[in-house]
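Asker: Quick check, what structure comes out for this input:
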Amino acid sequence: MDAKPMLLIVDDEKPTREGLRAALEDHYDVYVAEDAAAAGLLLEQENFDVMLTDFRLPNEDGLKLIARAKALSKPPVCILMTAYGSEEIAVEAMKRGADDYIAKGRLQIDELEMRIGRALRRQKLETENTELRQQLDTRFGLENIIGKTPEMVEIIDTIKQVAPSRSNVLIQGESGTGKEVIAKAIHQLSPRAKASLVTVNCAALPAALLESELFGHEKGAFTGAHERRIGRVEQAQGGTLFLDEIGEIDAIIQVKLLRFLGERTFERVGSNKTLTSDVRLVAATNKKLEEMVKAGTFREDLYWRLKVVEIHMPSLRERQADVPLLASAFLKEFAKENGKKIGDFTVDALEAMMRYGWPGNVRELRTSIEHAVVFAKADRVTLRDLPASLRAPAVPSPSVAATSPEAGGPPIAELSVKDAERQLMIRALQESGGNRTLAAQKLGMSRRTLHRKLHTYHLEGF
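Answerer: From the prediction side, this is the model:
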């Protein structure tokens, strides 16, 4: 059986507070207090679900007590009672955080219980919405964008800057670089986050169906249109429309999309009625739209409409230094998902990942780590656990596998990811004859990033 909600009754008139206790104790765990001081002590000791307080109290009125209660980390539902009912008091009570207001002269127990129950349900819903928003922030916000290379730091700064605006955003980059993750973060950090993020994969539908998918259609508009359909543009009202692979849309859709971006108006297929929709557009493509414009396959005016803000997602080859970070994050995710206690990589496995070209970018890395977790037999991912495509070009020589580059160092296979990164930097500097520019190129990071990491690992004098 669930515990009863805890109710605090504050009233300086004993007959009133005891009468309310007797009437409500069947459904609530009732506490009583005769003044604000006693109520304050109880509020510090217990987490009350509801506080029912009189307006007129000795030393401190009920409005101040409500303000104190609402300042708690877990504030109760607060309902103000008074025999001096007035609209001014009601307004002031709501400003102080009261959830409801009731005149004592017209107080009916059934109505009071109804109001308490309604306020509790509203508070529960607000709490659930807050928790859901926090989950969404974690899943789709900046926490899900992993990377510390200068390129990724710049992208994160751009997202923070552009998210609150209404401007269209064009995300360009190779397949698998994480363009959809960026689109979700922009939406989740925007004022439109409470509305929907609606995604359309433009490459997945032929032109005839894509128009209906975007703008909807009327019943009988074409063969098979047995009922009216609301398009994605309407579904995204007040939110964000994400058009993935926008480079695939044909000339007719380009014209209709251009009109919509200019006027925010459209017609469903088979209708002459003009409709409007307030959406923020984020588009992504793995094609070079500027070259398509020059070739005449993509409208220049649409290109400039889309490219109010442009974000270029670097390939994983261009941000090789982020591979350990991404790999560790995916390892944690898939180890938990598969119920395995795997916390790290051996250095030969990490070296293989650092040397690999990653033609499939972050998507391929994610799949590779999932594969490795499935096949891992120990508490660390080894080289043999990785897919064959990573193993072949990255098998280190016996001398490299046996020891670290530092004389007398521990076996390289026993190092953690951080130690491995340190050893990789030392090795790159050795192979480059101390030339930091060449070493940074070997490691796939900028010279500035290398300098920062050398400082972190106390290798400035290397």
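
Asker: so what secondary structure elements neighbour the helix or strand harbouring residue 170?
Answerer: Per DSSP states H and E, residue 170 falls inside strand 169-173. With contacts defined as 3 or more CB pairs under 8 Å, 6 or more residues apart in numbering; DSSP states H and E, strand 169-173 has these neighbours: helix 179-188, strand 280-285, strand 309-313. Using the backbone N, CA and C atoms, a C-beta is placed for each residue, glycine as well.

Asker: Same list (the ones you listed) but as TSV, adding distance to residue 324, mean pLDDT and mean neighbour count.
Answerer: Output for those, formatted as TSV (distance: least, CB to CB, whole Å; pLDDT from 0 to 100; neighbours: other CB atoms under 10 Å):
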stretch	distance to residue 324	mean pLDDT	mean neighbour count
helix 179-188	19	94	23
strand 280-285	26	97	25
strand 309-313	19	96	18
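
Asker: can you put the ones you listed in CSV and add distance to residue 326?
Answerer: Putting those into CSV (distance: least, CB to CB, whole Å) gives the following:
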stretch, distance to residue 326
helix 179-188, 12
strand 280-285, 19
strand 309-313, 13
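
Asker: and the strand holding residue 170, which strands flank it?
Answerer: Counting by DSSP bridges, the strands paired with strand 169-173 are strand 280-285 (parallel), strand 309-313 (parallel).

Asker: May I have it as PDB, with CA atoms only?
Answerer: Taking Å, rounded to 0.1, in the frame of the first residue of the first chain, the C-alpha atoms of strand 169-173 are listed here in PDB:
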ATOM      1  CA  VAL A 169      20.900  26.100 -40.200                       C
ATOM      2  CA  LEU A 170      22.700  24.100 -42.900                       C
ATOM      3  CA  ILE A 171      24.900  21.200 -41.600                       C
ATOM      4  CA  GLN A 172      27.300  19.800 -44.100                       C
ATOM      5  CA  GLY A 173      29.700  16.800 -43.700                       C
END
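
Asker: and stretch 335-344, how far apart are its ends?
Answerer: In stretch 335-344, first residue to last residue: 10 Å (CA to CA, to the nearest Å).

Asker: er, stretch 99-111 actually
Answerer: 15 Å.

Asker: need the strands for the chain, in chain order.
Answerer: Ranges of strands within the chain are 6-10, 29-33, 50-54, 77-82, 100-103, 169-173, 197-201, 240-244, 265-266, 275-276, 280-285, 309-313, 344-345, 380-381, based on DSSP state E.

Asker: Out of those, flag the one nearest residue 329.
Answerer: strand 344-345 (12.4 Å; CB to CB).

Asker: what pairs with the closest one, and is each one parallel or antiparallel?
Answerer: When pairing is defined by DSSP bridges, strand 344-345 lines up against strand 380-381 (parallel).

Asker: which other residues reach the strand it pairs with?
Answerer: 331, 342-346, 349, 369, 372-373 (CB atoms under 8 Å, 6 or more residues apart in numbering).

Asker: what's the closest of the residues you listed to residue 240?
Answerer: Closest approach between the contacts of strand 380-381 and residue 240, by CB to CB: residue 369, at 29.4 Å.

Asker: from memory that closest one sits against residue 327, does it?
Answerer: Yes: the pair residue 369 / residue 327 is scored as a contact, 5.8 Å apart, by CB atoms under 8 Å.

Asker: more crowded one of these two?
Answerer: When neighbours are counted by other CB atoms under 10 Å, residue 369 and residue 327 differ, and residue 369 comes out ahead with 27 against 23.

Asker: ok, that one - contacts?
Answerer: 327, 330-331, 334, 381.

Asker: go with 7 Å
Answerer: Residue 369 makes contact with 327, 330-331, 334, according to CB atoms under 7 Å, 6 or more residues apart in numbering.

Asker: Show only the entries of those found in helices.
Answerer: Counted as lying in helices by DSSP state H, out of those, are 327, 330-331, 334.

Asker: thinking again about what came up before, the strands of the chain: which one's closest to residue 234?
Answerer: By CB to CB (comparing all of these), the closest turns out to be strand 275-276, at 7.0 Å.

Asker: outside of that closest one, which residues touch it?
Answerer: For strand 275-276, the surrounding residues in contact (CB under 7 Å, 6+ apart) are 264-267.

Asker: Same check on stretch 13-30?
Answerer: 4-7, 9, 11, 32, 52, 109, 113.

Asker: Show the buried residues in those.
Answerer: 5-7, 9, 11, 32, 52 (16 or more other CB atoms under 10 Å).

Asker: In helices, which of the contacts of strand 380-381 appear?
Answerer: Those of the contacts of strand 380-381 lying in helices (DSSP H): 331, 349, 369, 372-373.

Asker: Which of those residues sits closest to residue 48?
Answerer: residue 331 (44.0 Å).

Asker: Distance of the closest one relative to residue 81?
Answerer: With distances defined as CB to CB, to the nearest Å, the gap from residue 331 to residue 81 amounts to 57 Å.

Asker: now do residue 457
Answerer: Going from residue 457 to residue 81 by CB to CB gives 65 Å.

Asker: Among these two, which residue is more densely surrounded?
Answerer: Neighbours were counted for residue 457 and for residue 81 using other CB under 10 Å; residue 81 has more, 24 against 16.

Asker: before we move on, back to that, could you dump the contacts of residue 369 into TSV with distance to residue 95 and pLDDT added?
Answerer: Listed next are the contacts of residue 369 as TSV, based on distance: CB to CB, whole Å; pLDDT from 0 to 100:
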residue	distance to residue 95	pLDDT
327	52	94
330	49	95
331	51	96
334	50	96
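
Asker: Make JSON lines from those residues and add distance to residue 285 to it.
Answerer: JSON lines is the format used below for the contacts of residue 369 (distance: CB to CB, whole Å):
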{"residue": "327", "distance to residue 285": "27"}
{"residue": "330", "distance to residue 285": "25"}
{"residue": "331", "distance to residue 285": "31"}
{"residue": "334", "distance to residue 285": "29"}
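
Asker: taking these as a set, which two sit the farthest apart in space?
Answerer: Largest pairwise distance in the contacts of residue 369, by CB to CB, is 10.6 Å, between 327 and 334.

Asker: Would you enumerate the residues in contact with the closest residue to residue 10 other than its chain neighbours?
Answerer: Spatial nearest neighbour of residue 10, chain neighbours left out: residue 53 (4.0 Å); criterion: CB to CB, 6 or more residues apart in numbering. Residues in contact with residue 53, defined by CB under 7 Å, 6+ apart, are 10, 62, 65-66, 80-81.
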